[in-house]
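>>> for reference, the sequence and a predicted model appear below.
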Amino acid sequence: MEKQENMRRLPLGVSDFRQLRESDYYFVDKTQYIKRMEEYGDFLFFTRPRRFGKSLFISMMMEYYDLLAQNRFEREFKGTWIYSHPTPERGKYQILFFNYSLVGGDFSNVEENFNKYCGNRINRFIQDYANFYDKTIIEAVMTETSASQKLNIVADAAKSAGHKLYIIVDEYDNFTNSILASRGTGEYRNITHGTGFFRDFMKIFKANATRSLLVGVSPITLDDLSSGANNYTNITTDPTFNMALGFSQNDVEEMIRYYQSRGVIKRSVEDIIEEIKPWYDNYCFSPDRFGVDSMMFNSDMVLYYLNALIRTGKSPENMLDSNTRTDYGKMKMLIGLDRWDGNRGAITQKIVDEGFIYSQISESFPAEDVVKPELFPSLLYYYGMLTIGGKIGDSMKLVIPNRNVMVQYYQYILEHQQETNHLDVGWLREAILGAAIWGDWRTLMEYLTKHYKEDTSVRDTNAGEKGLQMYMNAYLHLSRLFIVRPEVELHRGFSDLLLFGDHSKYSDVKHSYIIELKYLKTNASQAEAERQWQEAVEQVLRYGADEQVLRLTANTTLHLIVLQMKGAEMLKMEEIEQA
């Protein structure tokens with residue numbers, strides 16, 4: 001066993017391949033996909049959700065193809081797949097790299113900001129490769145003020161001299177999508193259509209580069225660029241690249257075993273996988289590989305978890321990295337989850353209710369079509385809020401991948417609910433604490449049902465039992481004391497809500513709950529109410545005897561609660577005693 005001080009560092013937040021390899025960070029080898037991309041075409045387009053390792057992958061490709069990095073190949077790639085299987089194209093390119101997320105400034109000066117950023121990148125390029133160009137070319141580039149003209153000068157000079165030019169863009173859709181979200185389709189069209197500066201700049205790539213790769217989150221901007229970029233081969237859902245980013249379960253297990261061998265992780269592989277799998281796993285990006293390949297883990301989330309485990313010996317108190325909230329905030333604004341207009345609210349509610357939706361995945365669509373309800377599930381797929389969970393007919397079964405994403409959905413629902421009926425979240429957290437530690441479930445349920453009534457009196461958006469369940473779920477997810485599981489399959493049925501303590505973090509949680517929610521229409525008779533109540537009692541007693549429930553709620557007092565609503569009024573609420 002190596003000494004701990006010689007242990008490879010965990011690459012949390014590292015997106016520079018050279019830094020990762022030369023500073024001896026842990027590396028999950030994805031180099032076989034370099035050759036696969038090379039074989040697929042010269043102009044490629046590839047998307048993945050945020051925090052799946054796109055920037056590191058791009059950095060790896062740049063180091064492999066850059067002719068200035070030839071003398072670093074052995075040092076940086078030794079031990080990888082591509083080191084043993086190099087291609088003839090290795091080290092043959094001059095790399096011109098852009099990251100459009102770095103186009104700064106306010107959107108009122110977007111053309112100026114874009115021109116300045118790209119101009120600086122092209123200046124850096126001509127300085128890096130100065131030995132390959134005449135001084136007159138270098139001077140022409142450095143004195144030119146237009147980024148498009150700078151690029152034309154570089155491209156013409158490279159072509160004339162026989163140099164291979166590889167143009168790579170990370171976050172290709174970042175600033176344009178931000179403009180779309182904050183400034184609307186009018187200003188967005190001005191830069192991406194006709195003689196728009198962004199469209200004109202991107203047209204130069206295809207005409208002058210030997211190879212080009214565009215990487216981002218969604219295909220919205222690609223479609224609007226028309227001849228500027230629409231001849232790129234979209235490999236996003238291609239089965240060859242399903243596992244190009246993210247971690248397979250084997251990758252994660254191997255990483256855990258490495259840090260176990262260094263003595264910094266004490267827990268078993270099985271124990272860790274059981275904890276993180278419901279939170280970070282279950283992504284599939286190609287319909288043809290569902291059920292064939294391993295489902296993919298979100299790589300950044302796994303690194304976030306292992307970082308806490310190695311540093312403290314415990315899993316993180318919050319299983320969601322706080323950085324994801326910023327990412328999802330941007331996404332929420334773009335795809336309209338902050339607006340709840342049109343059919344977005346109904347579609348979101350359906351997805352949360354059922355955990356999936358049947359839809360086709362649109363590979364491209366113009367910005368004007370973003371508001372169309374039929375494209376909303378595709379946007380959710382590209383942003384990682386849905387993933388491929390099967391196929392039926394000509395449609396995909398798009399599913400919520402994990403708890404990490406489910407919590408985000410509930411956050412959106414909660415924000416929407418709070419807009420019309422503000423609930424004291426601090427008081428609610430105390431009520432949840434009372435239910436978890438002392439078994440005072442009644443205070444919690446009475447508080448939620450009271451506000452549910454007030455909320456439905458303001459707007460009629462909650463539909464029966466499903467609406468009540470969604471309402472409860474959204475607010476109960478505020479606390480990390482309970483793991484909240486809706487619609488758990490138990491003993492020939494599905495429990496509405498199962499709440500159990502996360503004992504890996506909160507050993508003082510002493511109470512767990514099965515909550516059966518029943519809803520009656522306002523004109524229901526007393527006989528109907530009594531019949532429904534009896535059915536609910538039988539159900540909850542059956543669920544309480546389920547082996548899965550007994551395992552999840554071990555070492556706590558399990559409470560079986562039936563809550564019956566008539567319209568927005570609470571009709572009856574009792575704890576059912578087990579025999």
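Cool, got the structure. Residues are numbered from 1 along each chain as shown.
>>> and the helix or strand that contains Asn152, what's buried?
Here Asn152 sits within helix 147-161, counting by DSSP states H and E. Of the residues in helix 147-161, 147-148, 150-155, 157-158 count as buried by neighbour count, 16 or more other CB atoms under 10 Å. No exception for glycine: its C-beta is placed from N, CA and C like everyone else's.
>>> helices or strands up against that helix?
On a contact count with 3 or more CB pairs under 8 Å, 6 or more residues apart in numbering; DSSP states H and E, helix 147-161 meets helix 110-128, helix 135-143, strand 164-170, helix 197-208.
>>> buried ones in stretch 134-146?
Neighbour counts using 16+ other CB under 10 Å place 137-138, 140-141, 144 of stretch 134-146 among the buried residues.
>>> give me the angle between the helix holding Asn152 and strand 164-170.
Interaxial angle, helix 147-161 versus strand 164-170 (axes from the mean of the first three to the mean of the last three CA atoms, to 10 degrees): 150 degrees.
>>> quick check: mean pLDDT of helix 147-161?
Average pLDDT, helix 147-161: 94.
>>> can you name the residues in contact with that helix?
Residues from elsewhere that reach helix 147-161 (CB atoms under 8 Å, 6 or more residues apart in numbering): 94, 96, 114-119, 122-123, 125-126, 132-134, 137, 140-141, 144, 163-165, 197, 200-201, 204, 207-209.
>>> of those residues, grab the buried ones for PyMOL.
Buried residues among the contacts of helix 147-161 (16+ other CB under 10 Å), as a PyMOL selection:
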select buried, resi 94+96+114+115+116+117+118+119+122+123+125+126+132+133+137+140+141+144+163+164+165+197+201+204+208+209
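>>> Leu520 versus Leu571, what's the distance?
Leu571 is 7 Å from Leu520, where distance means CB to CB, to the nearest Å.
>>> re earlier: now, among the buried residues of stretch 134-146, which is nearest to Leu56?
Among the buried residues of stretch 134-146, Val141 lies closest to Leu56 (CB to CB), at 29.3 Å.
>>> tell me the spacing between that closest one and Ala209.
Distance from Val141 to Ala209, counting by CB to CB: 16 Å.
>>> and for Tyr513?
The gap separating Tyr513 from Ala209 is 60 Å, by CB to CB.
>>> likewise His511?
His511 is 63 Å from Ala209, by CB to CB.
>>> thinking again about what came up before, identify, from the buried residues of stretch 134-146, the entry nearest to His451.
Glu144 (62.0 Å).
>>> show me what contacts the closest one?
When contacts are counted by CB under 8 Å, 6+ apart, Glu144 touches 119, 150, 153.
>>> turn those residues into CSV, columns for distance to Thr87.
Shown next, in CSV, are the contacts of Glu144 (distance: CB to CB, whole Å):
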residue, distance to Thr87
Gly119, 32
Lys150, 30
Ile153, 30
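>>> Leu563 is nearest to which of the helices and strands packed on helix 147-161?
Here strand 164-170 is closest among the helices and strands packed on helix 147-161 (CB to CB), at 49.9 Å.
>>> so what touches the closest one?
By CB under 8 Å, 6+ apart, strand 164-170 touches 54-55, 58, 61-62, 65, 92-101, 154-155, 158-159, 205, 208-216.
>>> helix or strand next in line after the worst-scoring helix or strand of the chain on mean pLDDT, which one?
Taking mean pLDDT, DSSP states H and E as the measure, the helix or strand of the chain with the lowest value is helix 323-335, at a mean of 61. Following helix 323-335 in sequence order, the next helix or strand is helix 344-354 (DSSP H and E).
>>> that next one packs against which elements?
By 3+ CB pairs under 8 Å, 6+ apart, helix 344-354 packs against strand 356-359, helix 376-382, helix 403-420, helix 464-476.
>>> turn these into TSV, columns for mean neighbour count and mean pLDDT.
Below are the helices and strands packed on helix 344-354 laid out as TSV (neighbours: other CB atoms under 10 Å; pLDDT from 0 to 100):
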stretch	mean neighbour count	mean pLDDT
strand 356-359	18	92
helix 376-382	24	89
helix 403-420	19	79
helix 464-476	21	77
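>>> okay, these in JSON lines with distance to Gly13 next?
What follows is the helices and strands packed on helix 344-354, written out as JSON lines (distance: least, CB to CB, whole Å):
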{"stretch": "strand 356-359", "distance to Gly13": "32"}
{"stretch": "helix 376-382", "distance to Gly13": "23"}
{"stretch": "helix 403-420", "distance to Gly13": "18"}
{"stretch": "helix 464-476", "distance to Gly13": "31"}
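>>> what's the closest of these to Phe500?
Judging the helices and strands packed on helix 344-354 by CB to CB, what sits closest to Phe500 is helix 464-476, at 11.9 Å.
>>> alpha carbons of the closest one, as PDB, please.
The C-alpha coordinates for helix 464-476 follow below in PDB (Å, rounded to 0.1, in the frame of the first residue of the first chain):
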ATOM      1  CA  GLY A 464     -57.300  15.900  -6.300                       C
ATOM      2  CA  GLU A 465     -55.100  13.400  -4.600                       C
ATOM      3  CA  LYS A 466     -52.200  13.900  -7.000                       C
ATOM      4  CA  GLY A 467     -52.200  17.600  -6.400                       C
ATOM      5  CA  LEU A 468     -52.200  17.100  -2.600                       C
ATOM      6  CA  GLN A 469     -49.400  14.600  -2.900                       C
ATOM      7  CA  MET A 470     -47.300  17.000  -4.900                       C
ATOM      8  CA  TYR A 471     -48.000  19.800  -2.500                       C
ATOM      9  CA  MET A 472     -46.900  17.700   0.500                       C
ATOM     10  CA  ASN A 473     -43.800  16.400  -1.400                       C
ATOM     11  CA  ALA A 474     -42.600  19.900  -2.300                       C
ATOM     12  CA  TYR A 475     -42.600  21.100   1.300                       C
ATOM     13  CA  LEU A 476     -41.400  18.000   2.900                       C
END
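>>> how far off centre is it?
24 Å (CA atoms, centre = their mean, to the nearest Å).
>>> tell me which strands and helices the following helix or strand past that helix is in contact with?
Going down the chain from helix 464-476, the next helix or strand is strand 482-489, by DSSP H and E. Under the contact criterion of 3+ CB pairs under 8 Å, 6+ apart, strand 482-489 touches helix 464-476, strand 494-501.
>>> just for the stretch 151-300 of the chain, where's the confidence low?
180-190, 192-196, 223-230 (pLDDT under 70).
>>> all the helices of it, residue numbers only.
174-183, 185-192, 197-208, 220-224, 249-261, 269-280, 299-312 (DSSP state H, counting those that start in this stretch).
>>> show me what contacts Leu375?
362, 365, 369.
>>> any idea how far it is from Leu222?
14 Å.
>>> now swap in Asn174 and tell me
For Asn174, the distance to Leu222 - CB to CB - is 13 Å.
>>> quick one: which of these two has more around it?
A side-by-side neighbour count of Asn174 and Leu222, using other CB atoms under 10 Å, places Leu222 first with 26 against 19.
>>> does that one really touch Glu363, like I thought?
No. Counting by CB atoms under 8 Å, Leu222 does not reach Glu363; the two are 9.1 Å apart.
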